[in-house]
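Colleague: this is the structure alone, sequence omitted:
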Ligand SMILES: Nc1nc2c(ncn2[C@@H]2O[C@H](COP(=O)(O)OP(=O)(O)OP(=O)(O)O)[C@@H](O)[C@H]2O)c(=O)[nH]1
């Protein structure tokens with residue numbers, strides 16, 4: 001990148017259009033251009049693709065992009081159908097064969113999606129049936145066209161199949177976009193609303209085996225904003241979000257609960273196991289240097305930990321964890337405090 005910068009500065013012919021100016025102006029324009037390019041590169045590094053977003057957030061983005069690309073391919077397929085009708089070429093297995101729906105580009109993408117283990121599979125199954133419908137109705141139409149017997153019914157059936165397919169795509173896209181708004185744009189983590197909506201199900205499924213809620217809050221985060229600026233504060237939040245996800249299992253969701261507060265639902269078969277997990281995460285975060293621009297920043301957090309008992313409301317659990325968190329804040333910070341259902345508190349930090 002720097003080499004490109006110097007090349008641009010010293011070789012004005014390299015920049016298209018700049019030859020219109022005199023040498024001095026070209027030199028300054030080249031310098032300015034170089035500065036912009038270098039700035040964009042480093043800005044992009046911090047805010048762009050080099051940041052790993054939350055796994056679910058990334059999955060949604062990739063699915064929407066795949067869906068758009070492969071449904072565009074189906075428009076192209078329609079043009080191929082017209083071409084086939086006019087020329088009757090041989091290479092049209094994605095139009096004429098009875099498993100054409102598996103051969104077209106959309107069908108190949110869809111099959112890959114259906115092989116994934118997802119809880120929103122019903123949308124994809126609906127799309128699958130509608131997609132099979134298009135190919136079937138298209139073949140039926142082509143068959144009657146061959147004998148010059150095309151009726152309005154055959155065209156209508158094909159049009160209805162196309163419409164139904166489109167509707168099933170729209171339904172899935174709307175679902176994905178709605179899911180996307182449940183994620184925080186800064187950290188990519190699911191937001192509090194997602195926790196509210198999914199908690200009952202999660203608790204029903206895992207509370208018996210041992211489920212714990214860890215509510216953590218960065219210590220003196222205001223000072224980070226004050227000392228390094230809000231953008232650096234944002235970088236710290238992102239870095240912490242990534243670290244928390246990296247340090248937890250896929251079945252243990254991490255939520256951005258509020259400004260500098262995060263929640264993790266931990267799976268542990270005993271209090272001791274839960275203490276050990278919470279402490280491991282706390283120590284890892286406290287010992288990590290976060291690279292934020294020119295700064296290397298260390299943070300700590302204070303957390304409240306409590307068990308999720310069967311049939312307990314999220315509100316009650318959060319109330320308990322919050323009390324433990326504030327106890328931790330008032331007794332020195334950089335610690336995890338456990339609270340049981342009778343409100344007894346234990347400082348589990350060493
Ligand atoms: N950069 C940045 N700052 C945020 C964001 N959300 C909340 N904050 C800041 O987080 C800070 C929280 O400050 P306080 O509630 O006073 O808590 P604290 O300074 O962390 O102190 P303790 O919690 O008592 O250890 C405030 O300055 C908020 O502006 C965000 O998205 N980005």
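Modeller: Right, received. Where do you want to start? Since the model is a prediction, treat every value here as computed from it, not as a measurement.

Colleague: which other residues reach stretch 335-347?
Modeller: Contacts made with stretch 335-347 from outside it, assessed by C-beta atoms under 8 Å, 6 or more residues apart in numbering, are listed as 214, 271, 274-275, 278-279, 282, 302-307, 309, 320-321, 323-325, 327-328, 331, 348-349. The way it works is simple: take the backbone N, C-alpha and C, and place the C-beta from them, glycine included.

Colleague: give me the distance between the two termini of it.
Modeller: With C-alpha to C-alpha, to the nearest Å as the measure, stretch 335-347 spans 7 Å from end to end.

Colleague: check which residues of it are buried.
Modeller: If you call a residue buried by 16 or more other C-beta atoms under 10 Å, then stretch 335-347 has these buried ones: 335-339, 345.

Colleague: can those residues go into JSON lines with extra columns for distance to residue 174?
Modeller: Below are these laid out as JSON lines (distance: C-beta to C-beta, whole Å):
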{"residue": "335", "distance to residue 174": "44"}
{"residue": "336", "distance to residue 174": "40"}
{"residue": "337", "distance to residue 174": "42"}
{"residue": "338", "distance to residue 174": "42"}
{"residue": "339", "distance to residue 174": "41"}
{"residue": "345", "distance to residue 174": "45"}
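
Colleague: for the chain, longest helix please?
Modeller: Criterion DSSP state H: the longest helix present in the chain is helix 55-87.

Colleague: ok, residue 134 to the ligand distance?
Modeller: Residue 134 is 46 Å from the ligand, where distance means C-beta to the nearest ligand atom, to the nearest Å.

Colleague: quick one: list the elements packing against whatever helix or strand that residue lives in.
Modeller: With the criterion set as DSSP states H and E, the secondary-structure element containing residue 134 is helix 121-146. Applying 3 or more C-beta pairs under 8 Å, 6 or more residues apart in numbering; DSSP states H and E, we find helix 121-146 packed against helix 55-87, helix 93-96, helix 100-103, helix 105-114, helix 152-180.

Colleague: contacting residues for the residue nearest to the spatial centre of the chain?
Modeller: Geometric centre of the chain, nearest residue: residue 57, 0.9 Å, by C-alpha atoms, centre = their mean. Residues counted as contacts of residue 57 (C-beta under 8 Å, 6+ apart) are 180, 183, 188-189.

Colleague: tell me which of the buried residues of stretch 335-347 is nearest to residue 254?
Modeller: Proximity to residue 254 was ranked across the buried residues of stretch 335-347 by C-beta to C-beta; first place goes to residue 336, at 15.6 Å.

Colleague: just checking, residue 210 touches residue 270?
Modeller: Yes - shown here, residue 210 and residue 270 form a contact pair, counting by C-beta atoms under 8 Å, at 6.8 Å.

Colleague: between the two, which is the more surrounded one?
Modeller: When residue 210 and residue 270 are compared on other C-beta atoms under 10 Å, the one with more neighbours turns out to be residue 210, at 16 against 11.

Colleague: got phi/psi on the more buried one?
Modeller: Summarising the backbone geometry of residue 210 under the convention degrees, to the nearest 10, its torsions are phi 120, psi 100.

Colleague: over to residue 255?
Modeller: phi -120, psi 150.

Colleague: any idea how far it lies from residue 192?
Modeller: Remark: distance between residue 255 and residue 192 (C-beta to C-beta, to the nearest Å) = 6 Å.
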